[in-house]
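> Let's see this in three dimensions:
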Amino acid sequence: MSWAFRMAFTAIVPVLWGAYTHRMEEASWITLTAECICWVELKGAFSQRMRVVVAGVLLAIFFGILGCITSTSIFWSVIAMLGTAFFAALFKNLGDRGSGLAICVYVIYIIANAFPVTEFTAIQDRIYLILTGGLWALLVNTVFSIFLTQQESYRRSIALVWRANSALLQQIDKGWDGKSMKSSIRDVYLREKDIRTAIDSSLQLFEKLAHQSGNPDSREFHLAQLRKASSLTASLFIGISEELEGMRLKEIPEDIRLRLHALLVSMHQTTERISQYVLSLKPEDALLTRVKISKLNKRIAFLRDTTNEKYKDQMERIALLSGRIVMLMETSLDHLEKMGGDIPVYNSYSLIKTLFILHPQHWIKNIRLIFDLNSLTARYAFRSAVAAAGAIFLYKWLDIEKGYWIAFTVMVVVQPYFGATIRKALERVSGTLAGVLVAGILTSFTANNYLLKVILLFLCFFFMVYSIRKKYAVGVFFITISLVLLFQVESHYDSSLIYIRAFATLAGAVLGITAGFAVLPSWDKHQLPLYFTQAIQANYRYFVHTFLDSGTEVWTRYKRTAELANSNTFDSFNRYMQEPGIGKKIYISYYQLIMHNIRITRELNNIHIELDTTQHGQEHALIPAKEKIEDCLTWFQRIETELIRINPAIKTITITKITRDALSVHQVFYLDKILAELKAIYPDLKDYGKINPQLKESRW
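Presented below is the predicted three-dimensional model:
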């Protein structure tokens with residue numbers, strides 16, 4: 001909502017000024033620049049927000065100049081578009097904010113190039129207008145950010161993790177209420193991935209981990225510990241899900257089902273309340289959260305009171321996991337209370353600290369991230385560059401009126417993967433066609449009503465941002481209407497603009513799809529085996545660190561690496577299913593292998609959480625488990641041998657002496673489950689080269 005209102009306000013003010021002074025051409029350049037910069041999503045601390053906005057202003061000026069000086073030559077326009085599109089595509093390496101900065105790069109270049117200027121004074125005037133738009137956006141963004149509290153963005157990112165935890169619990173609870181269908185393994189894992197995404201987003205903005213935060217009295221330390229607690233809580237929720245997964249819902253007695261449902265509902269409500277408190281820091285929210293935790297403790301005690309011998313062990317394990325969740329929740333509240341209140345940005349930034357925002361070290365770090373090239377990134381950037389340069393050449397060579405919209409569509413449609421390109425093209429075309437239809441009706445009715453045009457334009461600016469992440473086609477719908485209205489604020493109804501917009505979108509979509517298929521395409525039939533290998537190797541390293549590594553590295557680093565590798569594999573698998581020529585046997589085999597590997601990561605997480613609990617005062621009797629650890633190592637080595645047979649480039653993992661061989665009863669239970677998963681992976685992987693010849697032919 002805040003982002004949408006910021007966009008609408010920033011874009012509409014220059015329009016009002018232009019209409020009042022009858023200088024709509026100048027106002028259009030100011031609006032265009034400000035709008036491009038506002039597409040940069042403001043996340044992170046105040047310093048991060050300001051750096052990204054300043055970067056947007058500088059990029060807009062540079063590529064505005066480049067577009068102007070190449071505008072009169074087809075050859076130089078195409079060459080410059082190649083470089084611009086390649087550079088813009090690399091901004092994907094910066095995540096969500098990078099996408100906004102990419103818009104500042106290619107939109108300003110394309111528009112500046114589409115309206116040629118030859119005289120130096122004309123170029124100078126245009127750059128002044130772009131600079132004005134950039135400074136206006138910088139002013140608005142600064143005002144919107146200055147009244148935030150210092151750690152509000154950090155807390156918001158953690159609150160989103162707790163909110164994702166709550167959504168996971170809702171998914172797990174489905175079916176246990178006796179009304180809905182039980183969630184599938186895939187549905188639960190998708191919610192688990194949402195948690196991983198929220199954690200990664202927080203880590204991207206606030207990089208210091210719990211063990212790196214230094215002063216234990218600082219706000220950063222308490223927030224890092226809070227984020228760690230939210231991540232561990234998610235692992236425990238998954239542990240409960242796995243226990244429930246093994247229970248046949250139809251065979252469970254009514255009283256046990258209701259107890260489990262009541263427990264899950266109570267956990268969901270408590271998690272929701274924590275996410276609220278993390279963001280608000282209000283004492284009343286803290287009180288309500290502790291009330292919810294007290295109620296949750298009663299639900300756990302009620303679950304332990306079951307007399308059903310058949311499910312006694314499972315109820316005890318679920319109660320044990322729930323008790324640990326309560327401990328993490330209480331720890332989270334303690335960290336929030338110790339952190340104390342938060343202070344506004346305008347009270348926390350001295351002049352020196354404000355100037356430090358633009359320190360060169362921050363720019364150097366981001367530049368390195370942008371040019372962090374790998375095969376996939378380079379292919380995507382080159383594909384985007386070729387397609388966009390082709391679009392510029394076609395529209396300039398054929399002199400297509402407003403043909404620069406073809407290049408816009410190409411830059412949006414072309415994605416790193418072919419399936420994603422197809423989907424983006426369909427959403428772009430459907431949103432545009434619906435938008436031009438509605439825009440035609442609106443402009444015909446509002447031809448002589450200036451005030452109504454401005455109101456509609458403001459609403460379109462608002463809703464295009466509000467809906468773009470939720471449903472891209474809806475966002476495009478409002479973008480299309482806003483473009484048509486913007487070009488006709490002071491002019492009469494012109495239906496040709498609508499037809500041109502529709503034609504350009506269709507042409508750009510076709511060109512983007514063609515490039516995705518013909519120019520260094522990235523097929524997941526080649527990428528998926530690589531991702532799967534990385535996921536197995538990540539689990540292997542995680543296991544070695546757990547039982548054989550005596551180093552000082554924290555285990556959560558291996559946890560994140562394994563979960564990220566699993567997530568990449570699962571995403572690649574979903575794209576792979578959309579590619580042509582996928583056999584059912586291959587589809588099932590991949591899915592089984594991926595889920596086995598995901599479960600191994602979960603059980604390793606459970607082992608470490610059990611160890612952390614023991615270290616925090618909950619002593620458990622330890623039993624020897626060296627033989628089972630060696631069995632797991634043997635199966636990991638067999639699996640690694642099969643991977644090497646398929647791909648000789650895989651690096652083997654060095655094995656040292658076992659350093660932890662005495663485990664609790666619960667850890668041994670989790671170790672048994674890991675062994676079962678490894679035994680299930682091996683035969684499938686051994687026969688994999690036979691059922692899927694593509695695995696041997698993959699471009700490793």
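
> so how many other residues sit close to the nearest residue in space to residue 626 that is not next to it in sequence?
Using C-beta to C-beta, 6 or more residues apart in numbering and skipping residues adjacent in sequence, the residue nearest residue 626 is residue 661, 3.8 Å away. The C-beta positions use only the backbone N, C-alpha and C, and glycine is treated the same way. Using other C-beta atoms under 10 Å, residue 661 has 17 neighbouring residues.

> Kindly provide the distance from residue 661 to residue 667.
Residue 661 sits 11 Å away from residue 667, going by C-beta to C-beta, to the nearest Å.

> which residues are common contacts for the two?
residue 625 (C-beta atoms under 8 Å, 6 or more residues apart in numbering).

> Hmm, the residue nearest to residue 626 is touching residue 625, no?
Yes. Counting by C-beta atoms under 8 Å, residue 661 touches residue 625, with 5.8 Å between them.

> check contacts around the residue nearest to residue 626.
547, 624, 625, 626, 629.

> For the third one, which non-adjacent residue is closest in space?
By that I understand residue 625. According to C-beta to C-beta, 6+ apart, the nearest residue to residue 625 is residue 663 (4.4 Å).

> pretty sure that neighbour is in a strand, no?
Yes. Under DSSP: H, G, I helix; E, B strand; the rest coil, residue 663 sits within a strand.

> Run a quick check on it versus residue 622, I expect a contact.
Yes. Contact criterion C-beta under 8 Å: residue 663 and residue 622 qualify, at 6.2 Å.

> Who has more neighbours out of these two?
residue 663 (24 against 14).

> pLDDT value on the more buried one, please?
pLDDT for residue 663: 86.

> Please report how far it lies from residue 205.
Applying C-beta to C-beta to residue 663 and residue 205 gives a distance of 37 Å.

> now swap in residue 598 and tell me
Residue 598 is 26 Å from residue 205, by C-beta to C-beta.

> Identify the residue nearest residue 53 in space, chain neighbours excluded?
residue 141 (4.9 Å).

> part of a helix, is that neighbour?
Yes. Counting by three-state DSSP, residue 141 is part of a helix.

> What's the per-residue pLDDT of it here?
87.

> Counting neighbours, what do you get for it?
Residues near residue 141, counting by other C-beta under 10 Å: 23.

> Equivalent analysis for residue 439, please.
24.

> got it, and residue 469?
11.

> how about it, what does it touch?
residue 475.

> how near is it to residue 99?
10 Å.

> same check, this time on residue 239
For residue 239, the distance to residue 99 - C-beta to C-beta - is 35 Å.

> Any stretches of the stretch 301-450 of the chain with poor pLDDT?
343-375, 444-450 (pLDDT under 70).

> ranges for the helices of it?
312-339, 345-348, 351-356, 360-370, 375-397, 404-413, 418-445, 450-468 (DSSP state H, counting those that start in this stretch).

> Show me which positions of the first one end up buried.
So that's helix 312-339. Within helix 312-339, the residues scored as buried using 16 or more other C-beta atoms under 10 Å are 314-315, 317-329, 331-333, 335-336, 339.

> residue ranges with poor pLDDT in the stretch 501-650 of the chain?
550-552, 580-586, 612-621, 646-647.

> again, only this time at 90
When residues are selected by pLDDT under 90, those of the stretch 501-650 of the chain lie in 501-534, 545-557, 568, 571-593, 606-626, 640-650.

> I'd like to know which elements the stretch of helix or strand residue 594 belongs to is packed against.
Residue 594 is part of helix 584-615, with elements assigned from DSSP states H and E. On a contact count with 3 or more C-beta pairs under 8 Å, 6 or more residues apart in numbering; DSSP states H and E, helix 584-615 meets helix 185-205, helix 219-245, helix 312-339, helix 524-547, helix 555-577, strand 662-664, helix 665-686, helix 688-691.

> how about those in CSV, adding distance to residue 70?
Listed next are the helices and strands packed on helix 584-615 as CSV, based on distance: least, C-beta to C-beta, whole Å:
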stretch, distance to residue 70
helix 185-205, 34
helix 219-245, 46
helix 312-339, 53
helix 524-547, 36
helix 555-577, 36
strand 662-664, 67
helix 665-686, 53
helix 688-691, 51
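
> Am I right that residue 549 falls within a helix?
No. Going by three-state DSSP, the assignment for residue 549 is coil, not a helix.

> how's this protein carved up into domains?
Using automatic domain parsing, the domains assigned to the chain come out as 1-149+351-372, 152-342, 397-513, 524-697.

> Go ahead and name everything in contact with the helix or strand containing residue 627.
Assigned by DSSP H and E, residue 627 falls within helix 626-646. Helix 626-646 has contacts (C-beta under 8 Å, 6+ apart) with 529, 533, 536-537, 540, 543, 547-548, 650, 652-653, 655, 658, 661, 668, 671-672, 674-675, 678-679, 681-682, 685-686, 688-689, 695-696.

> pLDDT below threshold where in the stretch 51-200 of the chain?
51-56, 72, 87-107, 115-120, 122, 141-155, 175-186, 197, 200.

> now stretch 164-173, how far from the chain's geometric center?
Between the centre of stretch 164-173 and the centre of its chain there are 18 Å (C-alpha atoms, centre = their mean, to the nearest Å).

> Could you do stretch 549-565 as well?
With C-alpha atoms, centre = their mean, you get 21 Å for stretch 549-565.
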